[in-house]
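Asks: with the input below, show me the fold.
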Amino acid sequence: MLNRSLTLKLLPLVIVLAEALPMNSPAYGQIIRPISPQPESFQERMRQQQEERTQQTQEQLKETWLRQNLQQQQQQQQDFTRQRQELIRQQQFRLQQQETRLQQQLRIQDQQLRQDQQIRQQQQFRLQQQIRQQELRQQKENL
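Replies: Residues are numbered from 1 along each chain as shown. Here you go, the predicted structure:
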(Lines give C-alpha, C1' and ligand atoms only; values in the text may rest on other atoms or scores of the structure.)
Protein backbone atom coordinates (compact mmCIF):
# COMPACT_ATOMS: atom_id res chain seq x y z
CA MET A 1 0.00 0.00 0.00
CA LEU A 2 2.81 2.40 0.93
CA ASN A 3 4.72 1.51 -2.26
CA ARG A 4 1.67 2.26 -4.38
CA SER A 5 0.98 5.67 -2.84
CA LEU A 6 4.67 6.55 -3.08
CA THR A 7 4.70 5.44 -6.70
CA LEU A 8 1.73 7.65 -7.50
CA LYS A 9 3.40 10.67 -5.89
CA LEU A 10 6.73 10.13 -7.63
CA LEU A 11 5.31 9.22 -11.03
CA PRO A 12 5.23 12.82 -12.38
CA LEU A 13 8.88 13.29 -11.32
CA VAL A 14 9.89 10.07 -13.05
CA ILE A 15 8.12 11.14 -16.23
CA VAL A 16 9.97 14.47 -16.23
CA LEU A 17 13.31 12.77 -15.56
CA ALA A 18 12.67 10.09 -18.16
CA GLU A 19 12.01 12.70 -20.79
CA ALA A 20 15.10 14.68 -19.79
CA LEU A 21 17.54 11.74 -19.76
CA PRO A 22 18.40 9.81 -22.87
CA MET A 23 17.22 6.19 -22.84
CA ASN A 24 20.73 4.75 -23.16
CA SER A 25 21.92 6.64 -20.08
CA PRO A 26 22.66 4.46 -16.99
CA ALA A 27 20.81 6.97 -14.80
CA TYR A 28 17.61 6.33 -16.81
CA GLY A 29 17.60 2.66 -15.83
CA GLN A 30 18.29 3.42 -12.18
CA ILE A 31 15.41 5.85 -11.92
CA ILE A 32 12.82 3.69 -13.66
CA ARG A 33 13.68 0.36 -12.08
CA PRO A 34 13.27 1.14 -8.35
CA ILE A 35 10.05 3.08 -8.86
CA SER A 36 8.24 0.47 -10.92
CA PRO A 37 5.81 -1.43 -8.73
CA GLN A 38 7.27 -4.56 -7.23
CA PRO A 39 5.27 -7.72 -7.95
CA GLU A 40 3.79 -9.14 -4.78
CA SER A 41 5.52 -12.18 -3.45
CA PHE A 42 3.90 -15.58 -3.85
CA GLN A 43 3.53 -15.89 -0.08
CA GLU A 44 1.79 -12.50 0.13
CA ARG A 45 -0.66 -13.51 -2.60
CA MET A 46 -1.30 -16.80 -0.81
CA ARG A 47 -1.86 -14.97 2.48
CA GLN A 48 -4.32 -12.57 0.85
CA GLN A 49 -6.16 -15.42 -0.86
CA GLN A 50 -6.33 -17.28 2.45
CA GLU A 51 -7.69 -14.15 4.16
CA GLU A 52 -10.31 -13.77 1.43
CA ARG A 53 -11.31 -17.44 1.74
CA THR A 54 -11.46 -17.10 5.52
CA GLN A 55 -13.63 -14.02 5.24
CA GLN A 56 -15.92 -15.73 2.69
CA THR A 57 -16.16 -18.77 4.95
CA GLN A 58 -17.01 -16.59 7.94
CA GLU A 59 -19.67 -14.78 5.93
CA GLN A 60 -21.12 -18.10 4.74
CA LEU A 61 -21.12 -19.42 8.30
CA LYS A 62 -22.83 -16.26 9.50
CA GLU A 63 -25.46 -16.53 6.75
CA THR A 64 -25.96 -20.21 7.55
CA TRP A 65 -26.31 -19.42 11.26
CA LEU A 66 -28.79 -16.62 10.53
CA ARG A 67 -30.80 -18.89 8.21
CA GLN A 68 -30.85 -21.70 10.78
CA ASN A 69 -31.74 -19.27 13.54
CA LEU A 70 -34.61 -17.91 11.44
CA GLN A 71 -35.80 -21.43 10.63
CA GLN A 72 -35.63 -22.34 14.30
CA GLN A 73 -37.66 -19.27 15.25
CA GLN A 74 -40.20 -20.05 12.55
CA GLN A 75 -40.42 -23.65 13.76
CA GLN A 76 -40.90 -22.49 17.34
CA GLN A 77 -43.60 -20.09 16.22
CA GLN A 78 -45.33 -22.86 14.27
CA ASP A 79 -45.09 -25.18 17.28
CA PHE A 80 -46.48 -22.49 19.55
CA THR A 81 -49.33 -21.79 17.11
CA ARG A 82 -50.06 -25.53 16.80
CA GLN A 83 -50.11 -25.96 20.59
CA ARG A 84 -52.33 -22.92 20.97
CA GLN A 85 -54.75 -24.24 18.35
CA GLU A 86 -54.80 -27.61 20.09
CA LEU A 87 -55.57 -25.95 23.43
CA ILE A 88 -58.36 -23.95 21.83
CA ARG A 89 -59.75 -27.11 20.23
CA GLN A 90 -59.66 -28.93 23.59
CA GLN A 91 -61.36 -26.01 25.33
CA GLN A 92 -64.07 -25.92 22.68
CA PHE A 93 -64.57 -29.66 23.04
CA ARG A 94 -64.86 -29.32 26.84
CA LEU A 95 -67.31 -26.46 26.46
CA GLN A 96 -69.40 -28.52 24.05
CA GLN A 97 -69.39 -31.43 26.49
CA GLN A 98 -70.34 -29.12 29.32
CA GLU A 99 -73.13 -27.58 27.25
CA THR A 100 -74.42 -31.04 26.35
CA ARG A 101 -74.44 -32.07 30.03
CA LEU A 102 -76.24 -28.87 31.00
CA GLN A 103 -78.85 -29.41 28.30
CA GLN A 104 -79.38 -32.97 29.51
CA GLN A 105 -79.73 -31.75 33.08
CA LEU A 106 -82.24 -29.13 31.96
CA ARG A 107 -84.25 -31.77 30.11
CA ILE A 108 -84.21 -34.01 33.14
CA GLN A 109 -85.24 -31.15 35.42
CA ASP A 110 -87.97 -30.18 33.00
CA GLN A 111 -89.25 -33.76 32.93
CA GLN A 112 -89.17 -33.92 36.72
CA LEU A 113 -91.03 -30.63 36.93
CA ARG A 114 -93.73 -31.93 34.58
CA GLN A 115 -93.99 -35.13 36.54
CA ASP A 116 -94.26 -33.18 39.77
CA GLN A 117 -96.97 -31.01 38.25
CA GLN A 118 -98.88 -34.06 37.07
CA ILE A 119 -98.59 -35.65 40.49
CA ARG A 120 -99.83 -32.43 42.14
CA GLN A 121 -102.71 -32.22 39.71
CA GLN A 122 -103.60 -35.82 40.40
CA GLN A 123 -103.34 -35.29 44.13
CA GLN A 124 -105.43 -32.16 43.87
CA PHE A 125 -108.02 -33.97 41.81
CA ARG A 126 -108.18 -36.81 44.36
CA LEU A 127 -108.44 -34.36 47.17
CA GLN A 128 -111.29 -32.61 45.44
CA GLN A 129 -112.93 -35.98 44.84
CA GLN A 130 -112.58 -36.86 48.48
CA ILE A 131 -114.00 -33.51 49.51
CA ARG A 132 -117.03 -34.01 47.24
CA GLN A 133 -117.60 -37.47 48.51
CA GLN A 134 -117.37 -36.18 52.05
CA GLU A 135 -119.80 -33.43 51.27
CA LEU A 136 -122.17 -35.89 49.67
CA ARG A 137 -122.03 -38.14 52.73
CA GLN A 138 -122.71 -35.26 54.99
CA GLN A 139 -125.64 -34.21 52.89
CA LYS A 140 -127.02 -37.74 53.00
CA GLU A 141 -126.59 -37.86 56.71
CA ASN A 142 -128.22 -34.51 57.12
CA LEU A 143 -131.27 -35.67 55.22
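Asks: what's the single longest helix in the chain?
Replies: For the chain, the longest helix by residue count, based on DSSP state H, is helix 42-142.
Asks: give me the mean pLDDT for that helix.
Replies: Taken as a whole, helix 42-142 has a mean pLDDT of 95.
Asks: distance check, K62 against Q56.
Replies: 11 Å (Cβ to Cβ, to the nearest Å). For the C-beta atoms, the positions are set from N, CA and C on the backbone; glycine is no exception.
Asks: what's the answer for E99, then?
Replies: Counting by Cβ to Cβ, the gap from E99 to Q56 is 63 Å.
Asks: same deal with L95?
Replies: Distance of L95 to Q56, given as Cβ to Cβ: 58 Å.
Asks: now Q118
Replies: Taking Cβ to Cβ, one finds Q118 at 92 Å from Q56.
Asks: same deal with F93?
Replies: For F93, the distance to Q56 - Cβ to Cβ - is 55 Å.
Asks: over to Q112?
Replies: Taking Cβ to Cβ, one finds Q112 at 83 Å from Q56.
Asks: over to L70?
Replies: 21 Å.
Asks: show me the residue sitting in the middle of this protein in space.
Replies: The chain has Q77 as the residue nearest its centroid, 3.4 Å off, counting by Cα atoms, centre = their mean.
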